[in-house]
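[1] Give me the fold of what follows.
(chains A, B, C and D)
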Protein chains: 2
Amino acid sequence: MVVSRTYGQLCPIARALDVVGERWTLLVVRELLLGPKRFKDLMARLPAMGTNRLSDRLKSLERDGVIAKRILPPPGEAHVYVLTDAGERLRPAVLCLATWGLERPVDERMDPRTARAELLALVRCGLAPPELTRGAHETYEFQIGEERFHVLVNDGDATPRSGSAPFAPDVTIVCDIPTLLMLDSGQITPARAKRERLARIEGPAAAVRRAFEIFSRKHVTDTLRVVPG
Amino acid sequence: MVVSRTYGQLCPIARALDVVGERWTLLVVRELLLGPKRFKDLMARLPAMGTNRLSDRLKSLERDGVIAKRILPPPGEAHVYVLTDAGERLRPAVLCLATWGLERPVDERMDPRTARAELLALVRCGLAPPELTRGAHETYEFQIGEERFHVLVNDGDATPRSGSAPFAPDVTIVCDIPTLLMLDSGQITPARAKRERLARIEGPAAAVRRAFEIFSRKHVTDTLRVVPG
DNA sequence: CCGGATCCGTAACGATACTG
DNA sequence: CAGTATCGTTACGGATCCGG
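    Purely as a prediction, here's the structure:
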């Protein structure tokens, strides 16, 4: 049995790190912020962890009430891991760290093949101003290389989720990662990408525009503040 | 030489954790968010680290541009560690984690003797709404048990710092930790604490009121959001 | 005394193989 | 598919030692 090391300090920061401060733990949370996942789904996204480490982390996160293990109703009966409410409340902290990480230089130890569009979506959706999607209720599906994810927009709130949309999406965007990054950084316009057959983009113009505004790098360069809601 | 383990992922969260994800690292940053510190000051606040671990962390944080080593002008010539601008930008992330940590249950492994008033101040100042101190320019000095720290208020911004104020403060508050926690939670009013000789409180009424409003638990119970500035 | 560096036993990690 | 078991390697924690 593993009794994880704690700081033993009566300080909120140390208390948080006692739960999510160990290696890999926040990356597991990161994956679950994109929706429920099975063991193999997590393993596929965090292969360097090893099955034993993932197993350890899932157990202690469950013990600490950050995640829960659910069994899907038949047919299927797969078990999936889900964030609890407490786990979902880690989203601001994860996004703050991500914002800080964005300005870090990329060094040669980072493998470009680990780049994933849904992780970009996680950050962009979290940082998009609510006004952008106020009053809108729609779904965008992205097919980026082998990846499938969708974004649920619900009146000021945009949450990304792994996998295809569970129903017909309002907008569908199909391209590869380099093209998405060019669209993201504004190096190419959606119209031009479509014209040059780099991307397939379908859906009502207004919704498509909102989808690309969420994926706009400019929101990120703004200073991040922490404010009571 | 220690070449710290990295995740090697091209993801902003993993990039951030590559720098501040190792054990103790964010706690060192936490201490430096309260102002520049000498090696022994850090050691006194993080004794469980051991001098070697602290030395390792300071070196890698300096290499990564999060902290810098400064030599104070004579007399003194002490060397201190300071956060760089990049390090200072970790404040929102640290405060987000603290907010999450506040709602974690306290278990028996946490030593009550590690409780420190200046850490409470770090969280409270970070979470206080700017409107509270808009237009105010003043300094509060706290003498809590053996601890000395002060809060610099500057038009909407309140930053706590370890040690006595470098000049005569506008407000002086002297008490022990239990009393401060009671004041913090609203179990006792400043007026009553003063009357019962539990605290010595000096300064203009308006400034004293502001000082205690920053130290008000209610700001923390609000939901925390991350918004572009 | 301050600011470390060195040494060493233990716990966590990473890779792989194995099992219900 | 969803994990355990095993094992060599790395990081951590405590103590001691050393140069300024």
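[2] make it CA atoms for all contacts and neighbour counts henceforth
    Will do.
[3] What residues of stretch A:98-111 count as buried?
    Under the neighbour-count criterion of 16 or more other Cα atoms under 10 Å in any protein chain shown, stretch A:98-111 has A:Ala98, A:Thr99, A:Trp100, A:Gly101, A:Leu102, A:Arg104, A:Val106, A:Met110 buried.
[4] pLDDT below threshold where in chain A?
    Across chain A, the ranges flagged by pLDDT under 70 are A:1-3, A:218-229.
[5] Next to DNA strand C, which bits of it? Give me the list.
    A:2-5, A:22-24, A:48-53 (Cα under 7 Å from any atom of the strand).
[6] Swap in 10 Å and give it another go.
    Those residues of chain A that sit near DNA strand C, judged by Cα under 10 Å from any atom of the strand, are A:1-6, A:21-25, A:46-54, A:56-57.
[7] Show me how to select, in ChimeraX, the buried members of the residues you listed.
    Buried subset of those, written as a ChimeraX selection, criterion 16+ other Cα under 10 Å:
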select /A:21,22,23,24,25,46,49,54,57
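[8] Just the buried residues of stretch A:98-111: which are in strands?
    Counting by DSSP state E, no part of those is found in strands.
[9] mind putting these in TSV, distance to B:Pro169 included?
    As requested, these are exported to TSV (distance: Cα to Cα, whole Å):
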residue	distance to B:Pro169
A:Ala98	38
A:Thr99	36
A:Trp100	34
A:Gly101	37
A:Leu102	39
A:Arg104	38
A:Val106	45
A:Met110	49
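[10] quick one: which of those is nearest DNA strand C?
    A:Met110 (14.3 Å; Cα to the nearest atom of the strand).
[11] show me what contacts A:Ser60?
    Shown in contact with A:Ser60 (Cα atoms under 8 Å, 6 or more residues apart in numbering or on different chains): no residues.
[12] From one end of stretch A:76-88 to the other, what's the distance?
    End-to-end distance for stretch A:76-88, by Cα to Cα, to the nearest Å: 25 Å.
[13] hmm, who's touching it?
    By Cα under 8 Å, 6+ apart, stretch A:76-88 touches A:29, A:32-33, A:35-39, A:65-72.
[14] List the buried residues for that stretch?
    A:Val80, A:Tyr81, A:Val82, A:Leu83, A:Gly87.
[15] burial measure for A:Phe167, as a count.
    A total of 8 residues lie near A:Phe167 under the criterion other Cα atoms under 10 Å in any protein chain shown.
[16] same thing with A:Leu27?
    For A:Leu27, using other Cα under 10 Å, the count is 19.
[17] and chain A, what are its domains?
    Per automatic domain parsing, the structural domains of chain A span A:12-89, A:114-225.
[18] now for these, which one comes closest to B:Thr179?
    domain A:12-89 (19.2 Å; Cα to Cα).
[19] how close does A:Gly101 get to A:Leu127?
    Counting by Cα to Cα, the gap from A:Gly101 to A:Leu127 is 14 Å.
[20] And the strands in chain A, which stretches?
    Under DSSP E, chain A gives strands at A:67-71, A:79-83, A:137-144, A:147-154, A:158-162, A:171-175, A:200-202, A:224-228.
[21] most packed of the ones you listed?
    Of all the strands of chain A, strand A:158-162 carries the top mean neighbour count, a mean of 23, counting by mean count of other Cα atoms under 10 Å in any protein chain shown.
[22] can you pull out the helices in chain A?
    Using DSSP state H, the helices of chain A run over residues A:12-20, A:25-32, A:39-45, A:51-63, A:85-88, A:91-102, A:117-127, A:177-185, A:190-195, A:205-214, A:218-221.
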